[in-house]
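> Curious how this folds, go ahead:
(one chain, ligands or ions: 2)
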Amino acid sequence: PFSPTEHPAAGYRKIFETVEELNEPLPTEVTGVLPSWLSGSLLRMGPGLFEVGAEPFHHLFDGQALIHKFDLREGHVTYHRRYIRSDAYVRAMAEKRVVITEFGTAAYPDPCKNIFSRFFTYFQGIEVTDNCLVNIYPIGEDFYAVTETNFITKVDPDSLETLKKVDLCDYLSVNGVTAHPHTDADGSVYNIGNCFGKNMSLAYNIIKIPPPQKDGSDPLKRSEVVVQLPSSERFKPSYVHSFGMTENHFVFVEQPVKINLLKFLSSWSLRGTNYMDCFESNEYIGTWFHVATRDPAAYLSSHKFRTSAFNVFHHINAYEDQGFIVVDLCTWKGSDFVYNYLYLANMRAEWDKVKESAMRAPQPEVRRYVLPLDIYRVGPEEQGKNLVSLSYTTATAVLRSDGTVWLEPEVLFSGPRQAFEFPQINYSRCSGKNYRYVYGLGLNHFIPDRIVKLNVRTKDTRLWQEEDSYPSEPLFIPTPEKHMLTNINMVMSRVLLSIVVKPGAERPSFLLVLDARQMTELARASVNTIIPVTLHGTYKPR
Ligand SMILES: CCC[C@@H](CCO)COc1cccc([C@H](O)CCN)c1
Ligand SMILES: [Fe+2]
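Numbering: from 1, shown residues only. Ligands and ions are numbered 1, 2, ... in the order given. Okay, here's the model as predicted:
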């Protein structure tokens, strides 16, 4: 139990301020010792332009996408950043106003158009945004900057140049896909997205983009929907941010934050409607867990897992053990949409206001759920009995008379308004498998102010924190195999990379390199510019 830090100086405001892009990479000042094997690029996405002229963006997920790159090579580090030339950005620059409606900001009709064409504009569907501010990840040899709509943007991971806007609707029947895909050992990329589809056949589609082939053809051309999961409410699918994947199963947690399709698919009303206006909470339905097998891909419709209401954005990890699926999640208790607390006005408020607003929000909690797979053998006499027989968890699953299975979690971490979020594991080694550690960003009343390592078996935590410093999601970088072979004697050092902003410092931003075992600082590479908040990213080894 740590005493939450106070931020009376409200230095966190600086990470929500517009910055200029760079024309070429900046050198950094390195202190400490960078591991010699650490050679590659840290690529991260986030908002960088928080207003267009006099028109402000209102929500954390509205700012125009800025791609950041820290290049590490032989102990030297450079920093670069460029705005993605999305249609949203290019048209805003050309017209000097917000042209494309963003997540929480509606674009207003073109003032130069006459009243009639403006009137008819209302009755066309909105132009879905391609503002890819959320994540960047590889698909085969290519790198894509993404949000959660059907548009993804191919970028050059070295020059940071915007290459191509891709519409997933050209390849798949989805209205969007999450910014959190899973990648298999063979390079296949899996994702999940809403499908409002024809005749409102409402569902969530799990897609697979196969590994790249020798003929160099675009893997997207061979992508497919592998399984469809039903929506618990006909015209109101849940918002989905990520999903779980074990060796043999997909896990989808259907949260009670719903998209009101009648609003979302209708012509966005006369007053500016945005995406946030289309969400509503279902106070009665609770949270449902859905399971499907991977190969063959099939929905297990008889496995009806239910539990109380919570928001979930980030799955930590999921794995199978003795006929159970263990699902670790970053949850927020209640059905009130957490994104309602992420408007920029809240994030930039003075510290007392920030604390007051977080008091009313859903409370964060890291939770472990355990899903019994072979519920067929459970006879009526076992109704009401806990089906979980794993020795190391207190999570329970109870078959009820209506055939549903009620889940209760084991709490892995809980702190009042102290979230363990933006979870990251040693993905290549641990994803889908029984594991021990997860690394996360500590949100103090939604303000990122520490990096945490959580042992999911013992619940021990270790911290990295510095006063008036605001870190990003920590990425885990494993030691490359080839390096281990040549340096057998060298202790397997593994590091975490996080971008930290310290507004009061002379060089106000730095790349922090932590030893992932002890959470101690190995090095930092500082730059003389503020780096605005980044959401997610990836490490591209050289
Ligand atoms: C009504 C919600 C629609 C879904 C897409 C359809 O499945 C979400 O759409 C957006 C639109 C703009 C920015 C975002 C951000 O990615 C959110 C935070 N990660 C999501
Ligand atoms: Fe996310």
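
> C-alpha only now, for contacts and for neighbours.
Noted.

> What's the separation between the closest residue to residue 24 other than its chain neighbours and residue 513?
Of all residues not flanking residue 24 in the chain, residue 80 sits nearest, at 6.6 Å (C-alpha to C-alpha, 6 or more residues apart in numbering). Relative to residue 513, residue 80 is positioned 18 Å away (C-alpha to C-alpha, to the nearest Å).

> and the two? which has more neighbours close in?
Counted by other C-alpha atoms under 10 Å, residue 80 and residue 513 do not tie: residue 513 has more neighbours, with 27 against 20.

> Keeping just the C-alphas, turn the helix or strand harbouring the more buried one into CSV.
Element membership for residue 513, per DSSP states H and E: strand 509-515. In CSV, the C-alpha atoms belonging to strand 509-515 read as follows (Å, rounded to 0.1, in the frame of the first residue of the first chain):
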residue,chain,number,x,y,z
SER,A,509,11.0,14.7,-21.5
PHE,A,510,13.1,11.6,-21.4
LEU,A,511,13.0,8.0,-22.5
LEU,A,512,13.4,5.9,-19.3
VAL,A,513,15.1,2.6,-19.5
LEU,A,514,14.3,0.4,-16.5
ASP,A,515,15.7,-3.0,-15.5
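
> What pLDDT is listed against residue 380?
If you check residue 380, the pLDDT there is 77.

> and the nearest residue to residue 452 once chain neighbours are set aside, helix, strand or coil?
Of all residues not flanking residue 452 in the chain, residue 463 sits nearest, at 4.7 Å (C-alpha to C-alpha, 6+ apart). Taking DSSP: H, G, I helix; E, B strand; the rest coil as the rule, one finds residue 463 in the strand state.

> Residue 19 falls within a strand, correct?
No: assessed with three-state DSSP, residue 19 is coil; it does not lie in a strand.

> so residue 34 makes contact with residue 522?
Yes: between residue 34 and residue 522 there is a contact under C-alpha atoms under 8 Å: 6.5 Å.

> More neighbours: these two, which one.
residue 34 (22 against 17).

> Dihedrals phi and psi, that one?
phi -80, psi 130 (degrees, to the nearest 10).

> Check the gap between it and residue 157 for me.
22 Å.

> Please name the residues that touch residue 341.
357-358, 361 (C-alpha atoms under 8 Å, 6 or more residues apart in numbering).

> Residue 534: what's it in contact with?
44-47, 134, 472-473.

> give the contact list for the nearest residue to residue 142 once chain neighbours are set aside.
Among residues not flanking residue 142 along the chain, residue 154 sits closest, at 6.9 Å (C-alpha to C-alpha, 6+ apart). Counting by C-alpha under 8 Å, 6+ apart, residue 154 touches 142-145, 162-166.

> Mind exporting the C-alpha coordinates of the helix or strand hosting residue 154 to PDB?
Assigned by DSSP H and E, residue 154 belongs to strand 151-155. Output of strand 151-155 as PDB, limited to C-alpha atoms (Å, rounded to 0.1, in the frame of the first residue of the first chain):
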ATOM      1  CA  PHE A 151      -9.500   3.000 -41.400                       C
ATOM      2  CA  ILE A 152      -5.900   2.000 -40.600                       C
ATOM      3  CA  THR A 153      -2.900   3.900 -41.900                       C
ATOM      4  CA  LYS A 154       0.300   2.400 -43.300                       C
ATOM      5  CA  VAL A 155       3.400   4.300 -42.100                       C
END
